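Colleague: here is a sequence with its predicted model. Questions after.
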Amino acid sequence: GGRGRILQPAPQPRGQEPPRRRSMRLLREEHENRREEILAGDRKAVDRQHALGKRTARERLDLLLDEGSFVEIDMFRRHQAHGLGMEKRRPATDGVVTGSGTIHGRRVFVYAQDFTIFGGSLGEAHARKIHKVMDLAISTGSPFIGLNDSGGARIQEGALSLNGYGGIFRRNVQASGVIPQISVVLGPCAGGAAYSTALADFTFMVDGPAQLYLTGPDVVEAVTGQRISHAELGGAQVHGTRSGVATFVHDDEESCLEDVRYLVSMLPGNNLELPPRAPSRGAADDPRPRLAEIVPPEPNKPYDMRDVVAEVVDDGEFLELHENWAGNVICALARIDGEVVGVVANQPLVLAGVLDVAASQKAARFVRFCDAFSIPLVTLVDVPGFLPGADQEYAGIIRHGAKLLYAYCEATVPRIQVILRKAYGGAYIVMDSRSIGADLSLAWPTNEIAVMGAEGAVNVVYRKELAAAADPAGRRAELLDDYTEELVHPYYAAERGLVDDVIDPVHTRSAVARGLAMLRDKRAPAAQRKHGNVPL
Ligand code: HXC
């Protein structure tokens, strides 16, 4: 090639000119049409969804998120599957809506499965959309919320569907203890999808449409011959009362999503943030005379511990987890003087407030959640002990009780124990006693900390003496009096520093508020091990 030669474009063969660009107006119109098609969805399927009393994915996001805050991601993503007629069935988008928005002004990431597209079933595109928002939730330190309504793994996409689920579970676990994860079940949620709810911190279910099981009624019948309905196998009632899988059960989608918002308002965005504080209520100087009336001084008389919780927390308002499962222990999120706390309390109304397998599991998981997310623990104790019996031993009460013990021992958040009445034996130790690391232990004058109640104790210790006594009944009464005088009062523990103060019951709210303020800057050294081996 000589110098100064000018390169000319090759001459175009006739009839093959480059295509003319469409005008901006046309491009924008096409974009708008595509969006409209996606937003409108399939009319017939939407009507069917409504007829089932269910909202569409987008209607649900409108209820969940602050108005106008939703930023959608991957709207145009759709399945790339081949075979089984999938080339011919290509809806304009896939069966899940993903993105980000705010709740009471604070950022969250979400997905909402869309049952109107392939029954909300999860194929590759669907899974990858969820992976993307999970990754963003983790990298931005924001709570993650999944709205589930799905037929499970998309059958036509085979192993790619299963692979997609695996990617969700792995992210659930990576996110565990880093960002709060909330799973909301608003329709079917079968097979693999059920595991994602179990890996989340909280599971909401709507009574009626929600169905949660690993294998549905058809498979159950084929394998075991047992005929069982969807509701009996995995309805909200079953999981809210028997299995403990549902943390919250609601009658309708509206109240359910409203409570998700309430929950999020009490949680930090991630493990490096503190939970959002509300303004102080002057709780440090707030006597509550009702507290002296609610709790009868006789150790075996029942009362509703919820009434005590309501007197201690701000505005009498608290969000109770597992309201109808393991009711013998109460776990609730609330505020005290504006500060978010996790309340763990024995409930004398149910099984006399004993600890059993279910109560230990429920409280252990809650304690670990609070500890992971910097939520101080307030433990209200009135416990006769662990539930005795072969059923409990065979069900592994030793393992499960150890779980609760482990959870408390490990917790580094501020921990305040308040012993209202009785605290006997191992249950006293487990319910956040000073010996396992409570920062502050307060006792009411009604308090009895002891290895066991007076009757049992006297029978064991003075068996021989009673057998030999001239007047066994009279001697027994004397010994009971002695035992009670010596041991069964809070001053035995207070004189030895096992409780830090004996308080007037009416000052419980103020004492806890002052304790929380005192402990606010508590720091704990980082653990020097890979991880402990919590008894699971
Ligand atoms: C593909 C599915 C589907 C699925 C439903 N659809 N489930 N498409 N894969 N898994 C489609 C239906 O073909 C139908 O499409 C539309 O969604 C609505 O479904 P219907 O059956 O008409 O709805 P309904 O009567 O309300 O029943 C809902 C249902 C039922 C109970 C969820 O569809 C069902 O049993 N689906 C299969 C559930 C299942 O076994 N999934 C696999 C789980 S195992 P058209 O085109 O007719 O509208 C699993 C493994 C993961 O998930 C394991 C990971 C560890």
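Modeller: Yep, it's here. Numbering: from 1, shown residues only.

Colleague: how near is residue 90 to the ligand?
Modeller: Using Cβ to the nearest ligand atom, to the nearest Å, one obtains 13 Å as the distance from residue 90 to the ligand. Where C-beta positions appear, they are placed from N, C-alpha and C, glycine not excepted.

Colleague: for that residue, grab the count of nearby residues.
Modeller: 12 (other Cβ atoms under 10 Å).

Colleague: for the nearest residue to it once chain neighbours are set aside, pull up the helix or strand it's in.
Modeller: The shortest distance from residue 90 to any non-neighbouring residue, by Cβ to Cβ, 6 or more residues apart in numbering, is to residue 78 (6.1 Å). In the assignment (DSSP states H and E), residue 78 maps to no helix and no strand.

Colleague: where does the residue nearest the centre of the chain fall, phi/psi-wise?
Modeller: In the chain, the residue lying closest to the centroid (Cα atoms, centre = their mean) is residue 202, at 2.7 Å. The phi and psi torsions at residue 202 (degrees, to the nearest 10) take the values phi -140, psi 140.

Colleague: so it touches residue 256, yeah?
Modeller: No: look at residue 202 against residue 256 with Cβ atoms under 8 Å: they stay out of range, at 11.6 Å.

Colleague: which neighbours do these two share?
Modeller: Both residue 202 and residue 256 are contacted by residue 248, under the criterion Cβ atoms under 8 Å, 6 or more residues apart in numbering.

Colleague: just confirm residue 415 contacts residue 438, I think it does.
Modeller: Yes: counting by Cβ under 8 Å, residue 415 does reach residue 438; the two are 4.6 Å apart.

Colleague: name the residues contacting each of the two.
Modeller: By Cβ under 8 Å, 6+ apart, the residues touching both residue 415 and residue 438 are 379, 432.

Colleague: quick one: which of those two has more around it?
Modeller: Shown here are residue 415 and residue 438; by other Cβ under 10 Å, residue 415 has more neighbours (26 against 22).

Colleague: quick one: residues contacting the more buried one.
Modeller: Residue 415 sits in contact with 376, 377, 379, 408, 432, 437, 438, 439, 440, where contact means Cβ under 8 Å, 6+ apart.

Colleague: just the element for the residue in the stretch 301-450 of the chain positioned nearest to the ligand, please.
Modeller: For the stretch 301-450 of the chain and the ligand, the shortest gap (Cβ to the nearest ligand atom) falls at residue 365, measuring 21.8 Å. Remark: residue 365 resides in helix 357-372, with elements defined by DSSP H and E.

Colleague: give the pairing partners of the helix or strand following that helix; include direction for each.
Modeller: Note on helix 357-372: by DSSP H and E, the next helix or strand toward the C-terminus is strand 377-383. Counting by DSSP bridges, the strands paired with strand 377-383 are strand 339-346 (parallel), strand 415-424 (parallel).

Colleague: and stretch 408-418, end to end?
Modeller: End-to-end span of stretch 408-418 (Cα to Cα, to the nearest Å): 15 Å.

Colleague: for the remainder of this discussion, apply numbering that starts at 50.
Modeller: Yes, from this point I'll number from 50; that puts the last item at stretch 457-467.

Colleague: give me the buried positions along that stretch.
Modeller: 457, 458, 460, 462, 463, 464, 465, 466, 467 (16 or more other Cβ atoms under 10 Å).

Colleague: on the three-state scheme, the residue nearest to the last one when sequence neighbours are not counted is what?
Modeller: Nearest non-adjacent residue to residue 467, counting by Cβ to Cβ, 6+ apart: residue 491, 4.8 Å away. With DSSP: H, G, I helix; E, B strand; the rest coil as the basis, residue 491 sits in strand.

Colleague: ok so, going back, pLDDT and distance to the ligand added to the buried residues of stretch 457-467, as CSV?
Modeller: CSV is the format used below for the buried residues of stretch 457-467 (pLDDT from 0 to 100; distance: Cβ to the nearest ligand atom, whole Å):
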residue, pLDDT, distance to the ligand
457, 98, 33
458, 97, 33
460, 97, 32
462, 98, 34
463, 98, 39
464, 98, 37
465, 98, 41
466, 98, 41
467, 98, 43
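
Colleague: skipping adjacent residues, who's closest to residue 130 in space?
Modeller: That would be residue 206: by Cβ to Cβ, 6+ apart, it lies 5.2 Å from residue 130.

Colleague: per-residue pLDDT, residue 509?
Modeller: In this prediction, residue 509 carries a pLDDT score of 92.

Colleague: kindly export whichever strand or helix holds it (C-alpha atoms) in CSV.
Modeller: When elements are assigned from DSSP H and E, residue 509 belongs to helix 503-510. Provided in CSV are the C-alpha atoms of helix 503-510 (Å, rounded to 0.1, in the frame of the first residue of the first chain):
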residue,chain,number,x,y,z
ALA,A,503,-39.9,-26.7,99.3
GLU,A,504,-42.0,-29.9,99.4
GLY,A,505,-39.8,-31.9,97.2
ALA,A,506,-36.6,-30.6,98.9
VAL,A,507,-37.8,-31.5,102.4
ASN,A,508,-38.8,-35.0,101.3
VAL,A,509,-35.4,-35.7,99.8
VAL,A,510,-33.1,-34.1,102.4
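
Colleague: which strands and helices sit next to that helix?
Modeller: helix 521-536 (3 or more Cβ pairs under 8 Å, 6 or more residues apart in numbering; DSSP states H and E).

Colleague: please repeat the previous calculation with a cut-off of 10 Å.
Modeller: strand 497-499, helix 512-517, helix 521-536 (3 or more Cβ pairs under 10 Å, 6 or more residues apart in numbering; DSSP states H and E).

Colleague: nearest to the ligand, of those?
Modeller: Closest among the helices and strands packed on helix 503-510, using Cβ to the nearest ligand atom: strand 497-499, at 47.3 Å.

Colleague: residues making contact with the helix or strand bottoming out on mean pLDDT in the chain?
Modeller: Among the helices and strands of the chain, strand 497-499 carries the lowest confidence by mean pLDDT, DSSP states H and E, at a mean of 87. Strand 497-499 is touched from outside by 348, 430-431, 468, 470-474, 477-478, 482, 490, 492, 503, 505-506, 532-533, 536-539, 541-543, 547-548, with contacts defined as Cβ atoms under 10 Å, 6 or more residues apart in numbering.

Colleague: buried only: go through these for me.
Modeller: Buried among these (16+ other Cβ under 10 Å): 348, 430-431, 468, 470-474, 477-478, 482, 490, 492, 503, 506, 532-533, 537-539, 541-543, 547-548.

Colleague: re the thing from before, wait, doesn't the residue nearest to residue 130 sit right on residue 132?
Modeller: Yes: with contact defined as Cβ atoms under 10 Å, residue 206 counts as touching residue 132 (9.3 Å).

Colleague: the more surrounded of those two?
Modeller: Under the criterion of other Cβ under 10 Å, the comparison of residue 206 against residue 132 puts residue 206 first, with 26 against 9.

Colleague: let me see the contact set for that one.
Modeller: Residue 206 neighbours (Cβ under 10 Å, 6+ apart): 128-133, 135, 167, 170-176, 212-213.

Colleague: wait, doesn't residue 508 sit right on residue 525?
Modeller: Yes: Residue 508 lies in contact with residue 525 (Cβ under 10 Å); the separation is 8.6 Å.

Colleague: give me the more crowded residue out of those two.
Modeller: Ranked by neighbour count (other Cβ under 10 Å), residue 508 and residue 525 place residue 525 first, with 17 against 14.

Colleague: list the contacts for the nearest residue to that one once chain neighbours are set aside?
Modeller: Nearest residue to residue 525 in three dimensions, chain neighbours excluded: residue 515, at 5.9 Å (Cβ to Cβ, 6+ apart). By Cβ under 10 Å, 6+ apart, the contact set of residue 515 is 507, 508, 521, 522, 524, 525, 528.

Colleague: state the number of residues packed around the first one.
Modeller: Spelled out, that is residue 507. The number of residues near residue 507, taken as other Cβ under 10 Å, comes to 23.
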